[in-house]
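Peer 1: Structure for the following, please:
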Amino acid sequence: MDYKKVFDKFEDQGFFLKTSAKAGLDGAVKVSLNRRGNTLFNQGDIEGARRIFITTGYSDGLCRIGDYYQSKGRLLDALKMYWIAPDHSKSEPIIIRLSDLIRNLIKEEDSPDD
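Peer 2: Now for the predicted structure:
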């Protein structure tokens, strides 16, 4: 699909299209960065580790960041990490939980006041 063509009609509305591509890192650089990310994670610099793991696409590191976020109650942040990893066994329960929450909110909104 040519995204540029699709979004050209919105050009005058001030929108922008964010695109991303994985960094072209060679194996040795990825290994070095992932080790640095693991060190940062173990030292408690979660955000520093997150940036490295997203850059390298290190799925195990992304899942550990997701686990950390989930332990802190940051479900959407955890879901994002699991989704990027990708780890469906960890993302699906959060999706179900959030879907149930939204479904219940809609039911409450639609029910007549007593």
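Peer 1: Find the residue closest to the residue nearest to the spatial centre of the chain in space, skipping its chain neighbours.
Peer 2: Central residue of the chain (C-alpha atoms, centre = their mean): residue 80, 2.1 Å from the mean position. Excluding its sequence neighbours, the residue lying closest to residue 80 (C-beta to C-beta, 6 or more residues apart in numbering) is residue 66, at 7.8 Å. Any C-beta I mention is one placed from the backbone N, CA and C, and that applies to glycine too.
Peer 1: For the one you found, pull up the helix or strand it's in.
Peer 2: helix 59-71 (DSSP states H and E).
Peer 1: What of residue 89?
Peer 2: Here residue 89 sits within helix 88-110, counting by DSSP H and E.
Peer 1: Check the offset of that helix from the chain's centre.
Peer 2: Centre-to-centre, helix 88-110 and its host chain are 17 Å apart (C-alpha atoms, centre = their mean, to the nearest Å).
Peer 1: Could you tell me the angle between it and helix 59-71?
Peer 2: On the basis of axes from the mean of the first three to the mean of the last three C-alpha atoms, to 10 degrees, helix 88-110 is oriented at 30 degrees to helix 59-71.
Peer 1: Packing partners of helix 88-110?
Peer 2: Using 3 or more C-beta pairs under 8 Å, 6 or more residues apart in numbering; DSSP states H and E, the elements in contact with helix 88-110 are helix 59-71, helix 75-84.
Peer 1: what comes into contact with it?
Peer 2: Contact with helix 88-110 is made by 63, 66-67, 70, 75-76, 78-79, 82-83, as judged by C-beta atoms under 8 Å, 6 or more residues apart in numbering.
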